[in-house]
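Chemist: Provided below for reference: sequence and predicted model.
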Amino acid sequence: MSDSKLVRGFQARLLELPEGLLVAALYAAACWASRQVSVDQFFLPAGIRIAALLVCRPRMWPYLLLGDYAYFACVRAPMVERYGLTWALIASSYPFPLVASLVHICRREVRSGDYASFLPISLISALAINFLNVTAAHLLWPEPPQGDYWVLGVRYTIGEFLAIVTVVPLAMLWLRPAPLRTLGCWLHAPTLIMVLALASMTGFAFYVPTRYLGDVPIQLLMTLPVIGLALLHGWRGVAIGVPALNFAIHLSTATTGLPGSFDPSTFTNQVGVALVAATLILFGLVVRRDEGASAKLLPLATGDHRAFRFSQHALEMTLKRHVLGIRKIYEDIDRSVCDLADWLEERKHPEMAKVMRQFATISSREMRDRSSLIYPTSLEHVGLYLALQVGGIGQEWRSSHRVAEHQLSGDPCQLSIPLQLAAYRTITETVSLMLDKERGPVRLRARCGCIGGRRGVVIVIGLLDVSACLTPEFRSAYMKRVAAVIATYGGRIEYQGNRVRMSLIDMDEVDSVPH
């Protein structure tokens, strides 16, 4: 068995070899081309490196490493005679492995919608690589580079960080493209005004000599339209506005245009722009609308939570009585069918008796499954988790072939019956909506325990595809059909890219309701 697995793995590697070599070639070409238009204070290959690691699946990372070494070979081969072979080999060996190890830490969070985590990784990678580069230059070059060690390190770090916050947001948009139906909002007058304002400022800074600008930092004024885009479009406005801002500043920078050139007069403003860019990205994550930022549910404007919980529990008890009445009727029918089967056997009709008993068994099982969809009576005996798996809802999920194996932890039996019922309704309704409104397999995770000193349950329901994003249709239907129940149990809802996270807490008033 192990040999066959090795053979299949080797065959899979051979099949992806052409794709990997193409990825390596495209990556090396992109890094080389971007370096031709980069300067020390805006070094685009650093952003392309992180963006490629986020976009490509980990199986392609070895090919990206190959492309990175090919890029360094093209760039640094002419430098060997001047700076030495030792420096060229050492300085080219560590950037990609170091960045890949850092990106691996936050890749899952970024791809699932938690974009804020890439900012510290970007800053740490820029600091580490550039100070290592400066250290290697001081130790291995025949003549150390001109300039103070710390000034050079900070200059290169700011340049790489600006490039990273320029390219990586575009990669995130690639991972989560906006639905076609939402693109029309970019054609509205306020958005067009902000875009034209940014373009006008760029042209002004590019064509008007710096001496006519006086003390006005035109590069910092360019951030105003980007703030407007963030207010209008949330995260997507920032993801488009910040790269446009940084490219505009790069175009207006008075340098020779050659790699390694530096403009001290612009560098001071770029330090401020780097801080503004990072702030705008965080601001966009807070106000973004398309990605569904975390939001604690507010109390219902009109209504009494305690009365709502009591009415919900009264409704559940009514459903329970109806289900028990239906089951009593079916038990009488089953008893009559079994009596009829016994009578047929006495009259020498065993085949017909067998058919009657099979019919009674199948109909009884079907009745129990269907009635459990109305009220899960098993929940009171075996708890929330088993009620989800052995009842009719579990059968429906299995027949859909779209609900993955659950991940359930904790003891739900420690929770009150009303809370377990509320969690059951919340889970079944959310999964039903997700199967109806979304595509692909769905996974349920739940954990029972203590939340803030009270017993409660945390529920996470999401798509298996981490690159997917919950649609506005799902969120709208979810808020209408589920949010009120969660709010009345002191709950919280968070949209996290491809999943929704909920929490329900045992309330003192609910515990006093008779079970």
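Modeler: Alright, I've got the coordinates.
Chemist: from here on, just use CA atoms for contacts and neighbour counts.
Modeler: Will do.
Chemist: and stretch 418-431, what's buried?
Modeler: Judged by neighbour count using 16 or more other Cα atoms under 10 Å, the buried positions of stretch 418-431 are 418-428, 430-431.
Chemist: Ser409 and Cys448 touch, don't they?
Modeler: Yes: with contact defined as Cα atoms under 8 Å, Ser409 counts as touching Cys448 (6.5 Å).
Chemist: quick one, which of the two is more surrounded?
Modeler: The neighbour comparison of Ser409 against Cys448 (other Cα atoms under 10 Å) goes to Cys448, with 21 against 14.
Chemist: I'd assumed the more buried one was in a strand, is it?
Modeler: Yes: counting by DSSP: H, G, I helix; E, B strand; the rest coil, one finds Cys448 located in a strand.
Chemist: flag the shaky bits of the stretch 101-250 of the chain, pLDDT-wise.
Modeler: Scanning the stretch 101-250 of the chain with the threshold set as pLDDT under 70 gives 109-117, 176-187, 205-220, 234-235, 250.
Chemist: and the helices in it, which stretches?
Modeler: With helices called from DSSP state H, counting those that start in this stretch, the stretch 101-250 of the chain shows them at 118-140, 149-175, 189-207, 218-221, 223-251.
Chemist: okay, these in JSON lines with mean neighbour count and distance to Val466 next?
Modeler: As requested, the helices of the stretch 101-250 of the chain are exported to JSON lines (neighbours: other Cα atoms under 10 Å; distance: least, Cα to Cα, whole Å):
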{"stretch": "helix 118-140", "mean neighbour count": "18", "distance to Val466": "16"}
{"stretch": "helix 149-175", "mean neighbour count": "21", "distance to Val466": "10"}
{"stretch": "helix 189-207", "mean neighbour count": "16", "distance to Val466": "30"}
{"stretch": "helix 218-221", "mean neighbour count": "17", "distance to Val466": "36"}
{"stretch": "helix 223-251", "mean neighbour count": "23", "distance to Val466": "18"}
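Chemist: Val242 versus Tyr375, what's the distance?
Modeler: Noted for Tyr375: a distance of 52 Å to Val242, by Cα to Cα, to the nearest Å.
Chemist: likewise Arg501?
Modeler: Where Val242 is concerned, Arg501 sits at a distance of 30 Å (Cα to Cα).
Chemist: same check on Leu433?
Modeler: Applying Cα to Cα to Leu433 and Val242 gives a distance of 36 Å.
Chemist: same check, this time on Tyr495
Modeler: When Tyr495 is compared with Val242 (using Cα to Cα), they lie 24 Å apart.
Chemist: need the helices of the stretch 101-250 of the chain in CSV with distance to Glu438, can you?
Modeler: Below are these laid out as CSV (distance: least, Cα to Cα, whole Å):
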stretch, distance to Glu438
helix 118-140, 27
helix 149-175, 17
helix 189-207, 30
helix 218-221, 42
helix 223-251, 21
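Chemist: closest to Cys74 out of the ones you listed?
Modeler: helix 118-140 (17.9 Å; Cα to Cα).
Chemist: show me what contacts Ala171?
Modeler: 51-52, 54-55 (Cα atoms under 8 Å, 6 or more residues apart in numbering).
Chemist: rerun at 6 Å
Modeler: Taking Cα atoms under 6 Å, 6 or more residues apart in numbering as the criterion, Ala171 is in contact with Ala51.
Chemist: same thing with Gly47?
Modeler: Residues counted as contacts of Gly47 (Cα under 6 Å, 6+ apart) are 163-164, 167.
Chemist: ok so, going back, and Gly391, which of the helices of the stretch 101-250 of the chain is closest to it?
Modeler: helix 149-175 (37.9 Å).
Chemist: and Ala46, how many neighbours?
Modeler: Using other Cα under 10 Å, Ala46 has 27 neighbouring residues.
Chemist: quickly find the element holding it.
Modeler: Using DSSP states H and E, Ala46 sits within helix 44-55.
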